[in-house]
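**Student:** with the input below, show me the fold.
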Amino acid sequence: MLNEAQQRRLLANAKHADALLSEIEAALGGPDSQPAFPKYRPDASLHQARLIRSYLARFRSHLIRGLTAAGVEYERPQLGALHSVRVTLTFVRIALQEMAPERLRGYGDLPQQTAAELRGLCAELEGLVSALERNLALGNAADLQSQLARLPAAMPETELLRRLEGVVDRHALAEFRSPLLNLVDKMESPRFEIAVFGRVSSGKSSLLNHILGTDVLPVGVNPITAVPTRLVFGGEALVTVTFANRQVQRYPITELARHASEEQNPGNQLGVAKLVVSLPSPRLRDGLVLVDTPGLGGLASAGTAETLAYLPQCDLGILLISATNPVDGEDLDTIRALAQAGIPVMVLLSKADLLAPADRTKALAYTQQEMLAHLNLNVIVHPVSTAENDGQLLEQWFRGELAPLHERHRELAYESMRRKAGALRESVVAALRSKAGHQAADRDGLEETERRLRETAGQMEEVRRACIAAADEMRTLAPPPDAVEAAAREAAAQIAARLRALARQLDSALALAAHALGGSAPDGSLEECLREMPRFEAALPPIEQQAGWFRASRERRLRREIQPQIEAAFIGYARSIETWVRTVLKDIALQFDARADAYRAQLARLAARSTVSAEEQARIESDIAGLEMPFTEDGRPAHPCEAPRT
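**Tutor:** Next comes the predicted model:
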């Protein structure tokens, strides 16, 4: 029997031998191991490589059995492979940062064009790392086959997406997995998200319960202000809670108040990070999602950051103002934040049953006047009530205002998905044709197209720096009191112009790549990412129109009095513009990478020009024919006898 020291010595040498075998496997290479900078020439024949791997497998088998017979104990691995991949990707990101042009300044001057191309290369590689991390984060949710099985079989797009999934998997077209997954997600649940805002006691819970036809939300309690609560359709009533430690637990619906109320979870002691309530409500069946938000108020509440982060997912914002509490600054701040995020707004006067008809009319008019006076927004206010006698007010609003918006949203979403599915099919067919060698490779043209994509992508970082610097300069603006808004508009317009010019350059590079590869230009423009800019808000006193010395004297005195307000207003506006710039550039980068990634992969295939076997050629031709086959309205192939071989 070996003692502990002998076992450690024996195990250390066994592990070293196993590591050396792994180096032999790496030297052999293979389809699953293709480093960019190989250490060895692949001079082993296919027969020799198989022979070596066979002996290595036998060596390892004998090694494990021998150690077990000798009584050597060893621990099984504690860390998962995915953990190792994620950690290693972090070091890959660091390596990419060290490749940036700014890191090369100490080695000599770098031409501007070369610097732009190098930034583009770093952005391109960073995008690939981010895409891999996003797909890893999805876990089993990225299983396209299970998602496709849940789609309506009668839709023509369902069969098309199934075929696309098979083709992408068979031919390892990894660049199409993310757009395909996004498309399947949207087809599986074309959601219309409505975020509901309101002060405490404005009637949010009662309104949502009435719409859903169930008393699921606790009424009369203060909700946790940390996270929005999403109400979605589900087969049974459940609440899914995601905690700060990333643990996810499902509870009966009766447990909602324990996690979502200040009374039972004071100060959010349970560490709730996300709440999703699933309900079998008919109102939620067609993709309608209601979100009970913490509110924005004066942008100082504990849940403001989470709510602001959620806003881009929202299709419509609804603000409840209680008929017993007139509109105030908190309500106006909420509407302003929604408008700055480019989100449509509806305003409801809740508890309208508490007002007589004449007083109700006055309250509606007053609320509209306040929004017009303070926000310059003409928003229609609808009276609603959950009281039995006036319940028709809520139904009239839902059926007359909200339901048509939802239906229109579904129609537009479906048309958009059809266009995107067709564009994706065209891109996959083009990739298959290039892989099969149908397209002649103009190497000079391909290199120029790839260089243009890379150089244009590199300009995003330059524009980001310029826009952030321009936003920072806003903090130092000190115009005369009567020119404050004009100065803010001019500074914001210059930033928007830079971003618009960048979007056009990126669109032009994408169109050039599509043309070079024999396809059509991408659907839509990146300029659509430029949502409405934040508005400059500064409550400054008006300047009386006086002449001569009196006007100049008053202007000087007024400027001394309100200068701190002007400076504070520009500092706040610069902060909101900077946040807006980062959000817009992030959207532009994601949209650009999603479209450019397929072009880059296709350009690489054309440049590589690897030989395709006759069997692979036949499979490609069959898949192209299957994708180009038309479908009937019920989702079946128009010519079933020509179904492709898989």
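
**Student:** only C-alpha atoms from now on, for both contacts and neighbour counts.
**Tutor:** OK.

**Student:** A strand includes Gln264, no?
**Tutor:** No: when the secondary structure is assigned by DSSP: H, G, I helix; E, B strand; the rest coil, Gln264 falls in coil instead of a strand.

**Student:** so it is in contact with Arg258, correct?
**Tutor:** Yes: assessed by CA atoms under 8 Å, Gln264 is found in contact with Arg258 at 5.1 Å.

**Student:** my guess is Ala471 contacts Arg582. True?
**Tutor:** No: Ala471 sits out of contact with Arg582 when judged by CA under 8 Å, with a separation of 11.1 Å.

**Student:** which one's more surrounded, these two?
**Tutor:** Regarding Ala471 and Arg582, a neighbour count based on other CA atoms under 10 Å identifies Ala471 as having more, with 24 against 14.

**Student:** in contact with that one, which residues?
**Tutor:** Ala471 makes contact with 491, 495, 574-575, 577-578 under the criterion CA atoms under 8 Å, 6 or more residues apart in numbering.

**Student:** so where does it fall, helix or strand?
**Tutor:** helix 443-474 (DSSP states H and E).

**Student:** per-domain residue ranges of this structure.
**Tutor:** 4-76, 191-387, 458-599 (automatic domain parsing).

**Student:** dump those to CSV, plus distance to Leu136 and mean pLDDT.
**Tutor:** CSV is the format used below for these (distance: least, CA to CA, whole Å; pLDDT from 0 to 100):
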stretch, distance to Leu136, mean pLDDT
domain 4-76, 19, 85
domain 191-387, 15, 78
domain 458-599, 17, 80
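
**Student:** for these, which one sits closest to Phe398?
**Tutor:** With distances scored as CA to CA, the stretch of the domains of the chain nearest to Phe398 is domain 191-387 (8.3 Å).

**Student:** quick check: end-to-end length of the closest one?
**Tutor:** Across domain 191-387, the straight-line distance between its terminal residues is 29 Å, by CA to CA, to the nearest Å.

**Student:** gap between that domain and the chain center?
**Tutor:** In terms of CA atoms, centre = their mean, to the nearest Å, the centre of domain 191-387 is found 23 Å from the chain centre.

**Student:** same question, stretch 59-71
**Tutor:** On CA atoms, centre = their mean, the centre of stretch 59-71 falls 50 Å from that of its chain.

**Student:** can you point out the buried residues in it?
**Tutor:** For stretch 59-71, the buried set under the neighbour-count rule, 16 or more other CA atoms under 10 Å, comprises 63, 67.

**Student:** one step back: now the domains of the chain as TSV including distance to Asp623?
**Tutor:** Shown next, in TSV, are the domains of the chain (distance: least, CA to CA, whole Å):
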stretch	distance to Asp623
domain 4-76	22
domain 191-387	32
domain 458-599	18
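
**Student:** for stretch 560-575, list every residue counted as buried.
**Tutor:** Of the residues in stretch 560-575, 563, 566-567, 569-575 count as buried by neighbour count, 16+ other CA under 10 Å.

**Student:** okay, those residues in a markdown table with distance to Asp597 and secondary structure next?
**Tutor:** Converted to a markdown table, the buried residues of stretch 560-575 look like this (distance: CA to CA, whole Å; DSSP: H, G, I helix; E, B strand; the rest coil):
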| residue | distance to Asp597 | secondary structure |
| --- | --- | --- |
| Gln563 | 50 | helix |
| Ile566 | 46 | helix |
| Glu567 | 44 | helix |
| Ala569 | 42 | helix |
| Phe570 | 39 | helix |
| Ile571 | 38 | helix |
| Gly572 | 37 | helix |
| Tyr573 | 35 | helix |
| Ala574 | 34 | helix |
| Arg575 | 33 | helix |
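
**Student:** measure Gln78 to Asp444 for me?
**Tutor:** Between Gln78 and Asp444 the computed distance is 50 Å (CA to CA).

**Student:** do the same with Ile335
**Tutor:** As it turns out, when the distance is counted by CA to CA, Ile335 lies 54 Å from Asp444.

**Student:** neighbour-wise, which of these two wins?
**Tutor:** Neighbours were counted for Ile335 and for Asp444 using other CA under 10 Å; Ile335 has more, 27 against 10.

**Student:** my guess is the more buried one contacts Ile343, does it?
**Tutor:** No: Ile335 sits out of contact with Ile343 when judged by CA under 8 Å, with a separation of 9.4 Å.

**Student:** where does pLDDT dip in the stretch 51-200 of the chain?
**Tutor:** Counting by pLDDT under 70, the ranges of the stretch 51-200 of the chain that qualify are 137-144, 146, 150, 152-154, 188-190, 200.

**Student:** looking at the domains of the chain, which is closest to Leu164?
**Tutor:** Distances from Leu164 to each of the domains of the chain were compared using CA to CA; the shortest belongs to domain 458-599, at 14.2 Å.

**Student:** compute the first-to-last residue distance for the closest one.
**Tutor:** The first and last residues of domain 458-599 sit 17 Å apart, counting by CA to CA.

**Student:** same question for stretch 97-113.
**Tutor:** The stretch stretch 97-113 measures 19 Å between its terminal residues, going by CA to CA.

**Student:** so who does the closest residue to Leu284 other than its chain neighbours touch?
**Tutor:** Counting by CA to CA, 6 or more residues apart in numbering, Leu284 lies nearest to Phe233, which is 5.0 Å off, once chain neighbours are set aside. Remark: with contacts taken as CA under 8 Å, 6+ apart, Phe233 is in contact with 278-281, 284-285, 287-289.

**Student:** keep only those of those residues that are in strands.
**Tutor:** Among the contacts of Phe233, DSSP state E puts 278-279, 288-289 in strands.

**Student:** settle it for me: which of Gln264 and Arg258 has more neighbours?
**Tutor:** For Gln264 versus Arg258, neighbours defined as other CA under 10 Å are more numerous around Gln264 (17 against 13).

**Student:** contacts only, for that one.
**Tutor:** Here Gln264 is in contact with 257-258 (criterion: CA under 8 Å, 6+ apart).

**Student:** need phi/psi at it.
**Tutor:** According to degrees, to the nearest 10, the main-chain angles of Gln264 amount to phi -100, psi -20.

**Student:** now swap in the one 10 residues further on and tell me
**Tutor:** Geometry field for Lys274 lists phi and psi as phi -160, psi 140, criterion degrees, to the nearest 10.

**Student:** ok, now which ones touch the closest residue to Thr456 other than its chain neighbours?
**Tutor:** On the basis of CA to CA, 6+ apart, the spatially nearest residue to Thr456 that is not a chain neighbour turns out to be Leu506, at 6.2 Å. The neighbours of Leu506, taking CA under 8 Å, 6+ apart as the test, are 453, 456-457, 526, 592.

**Student:** pull up the pairing partners for the helix or strand hosting His382, direction included.
**Tutor:** His382 is located in strand 381-383, with elements delineated by DSSP H and E. With DSSP bridges as the test, strand 381-383 is paired with strand 345-350 (parallel).
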